[in-house]
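> Need a 3D model of the sequence below.
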Amino acid sequence: MSRMHTRRGRWHGVCEVFGAMPITFHTVRQHILASTVAAALFGISAVTDADPVNAMETHSICAAAIGDAERERKIPNDLLTAIAQTESGRWDAGREAVFAWPWTVTNGPDGRFFPTKAKAIAHVRDLQARGVRNIDVGCMQINLRHHPNAFTDLETAFDPEVNTAYAAQFLNGLFKTHKSWGEAIRRYHSKNTKFNRPYHEKVARAWNAARQNSAEAHRQSVIAAHLAQRARWRAEREAQLAAAR
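Numbering: from 1, shown residues only. Below you'll find the predicted structure:
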């Protein structure tokens with residue numbers, strides 16, 4: 001976000017790690033390129049020590065909050081989704097898709113996915129106890145140093161609805177100031193063009209992919225509804241014929 005990500009041109013989107021096993025961005029990217037094109041699009045790490053059951057329960061938490069925030073703030077469809085996937089996207093091999101992960105913490109080059117909210121909060125508290133202040137948290141990776149008044153406490157910071165609502169408000173404010181969603185995306189990451197232009201390119205790719213997925217999902221729902229209607233008509237016709245015998 002603005003002034004949040006000026007460190008070494010890295011699009012801080014939490015691509016490196018899950019749990020307590022640091023992996024560099026380039027190592028992860030090479031791994032993902034070898035395993036799946038979709039994950040490489042976002043620079044997402046493979047899950048190294050996740051609880052599969054927990055992952056199934058958690059994968060849609062950010063998505064639900066994002067949908068509400070986009071509607072309430074009148075943000076273009078799937079834009080927050082693209083930013084969240086860029087910020088905290090995690091590859092789900094079972095679903096072959098990328099999902100924003102709510103229990104994500106990034107400190108400089110060290111980004112981590114945690115299996116629970118409690119573990120994410122514990123990690124942040126440990127960082128703070130060591131004097132670290134440059135910490136990004138949650139679905140939308142809000143920086144606690146540059147946005148000190150965003151949340152009342154860490155419990156709230158990791159609340160997906162609150163985290164996402166703050167990001168939506170911030171992004172909307174950038175749009176109103178700069179009159180451009182492109183510029184809002186760039187400044188969500190950094191004011192520095194050296195860093196925000198590559199970030200914008202990543203979000204743009206993610207946004208295009210998200211819109212294509214949404215369009216395909218809509219197409220499939222229309223087809224399913226049509227087939228269901230035809231099945232009902234067929235059943236009604238068969239029932240009428242049976243009654244007329």
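> Need the contact partners of the host helix or strand of Gln85.
Using DSSP states H and E, Gln85 maps to helix 79-88. Residues outside helix 79-88 that contact it (C-beta atoms under 8 Å, 6 or more residues apart in numbering) are 11-14, 42, 62-63, 66, 69-70, 98-102, 104, 113, 136, 138-141, 164, 167-168, 171, 181, 185, 188, 199, 202-204, 206-207, 209-210. For the C-beta atoms, the positions are set from N, CA and C on the backbone; glycine is no exception.
> Check stretch 166-180 too.
Here stretch 166-180 makes contact (C-beta under 8 Å, 6+ apart) with 1-2, 69-70, 72-75, 79-80, 83-84, 139-140, 142, 147, 150-151, 181, 183-185, 187-188.
> run the last query once more with 10 Å
Stretch 166-180 has contacts (C-beta atoms under 10 Å, 6 or more residues apart in numbering) with 1-2, 65-66, 68-76, 79-80, 83-84, 87, 138-142, 147, 149-151, 156-157, 159, 181-188.
> List the buried residues for that stretch?
Neighbour-count burial for stretch 166-180, counted by 16 or more other C-beta atoms under 10 Å, picks out 166-168, 170-172, 174-175.
> what mean pLDDT does it have?
Averaging pLDDT along stretch 166-180 yields 96.
> could you dump that stretch to PDB, C-alpha only?
The C-alpha atoms that make up stretch 166-180 are tabulated as PDB, following Å, rounded to 0.1, in the frame of the first residue of the first chain:
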ATOM      1  CA  TYR A 166     -10.000  -0.700   5.300                       C
ATOM      2  CA  ALA A 167      -8.200  -1.600   2.100                       C
ATOM      3  CA  ALA A 168     -11.300  -0.800   0.000                       C
ATOM      4  CA  GLN A 169     -11.700   2.600   1.700                       C
ATOM      5  CA  PHE A 170      -8.000   3.400   1.100                       C
ATOM      6  CA  LEU A 171      -8.100   2.300  -2.500                       C
ATOM      7  CA  ASN A 172     -11.300   4.300  -3.100                       C
ATOM      8  CA  GLY A 173      -9.700   7.300  -1.600                       C
ATOM      9  CA  LEU A 174      -6.700   7.000  -3.900                       C
ATOM     10  CA  PHE A 175      -9.100   6.700  -6.900                       C
ATOM     11  CA  LYS A 176     -11.000   9.900  -5.900                       C
ATOM     12  CA  THR A 177      -7.700  11.700  -5.500                       C
ATOM     13  CA  HIS A 178      -6.000  10.600  -8.700                       C
ATOM     14  CA  LYS A 179      -9.100   9.900 -10.900                       C
ATOM     15  CA  SER A 180      -7.700   6.700 -12.200                       C
END
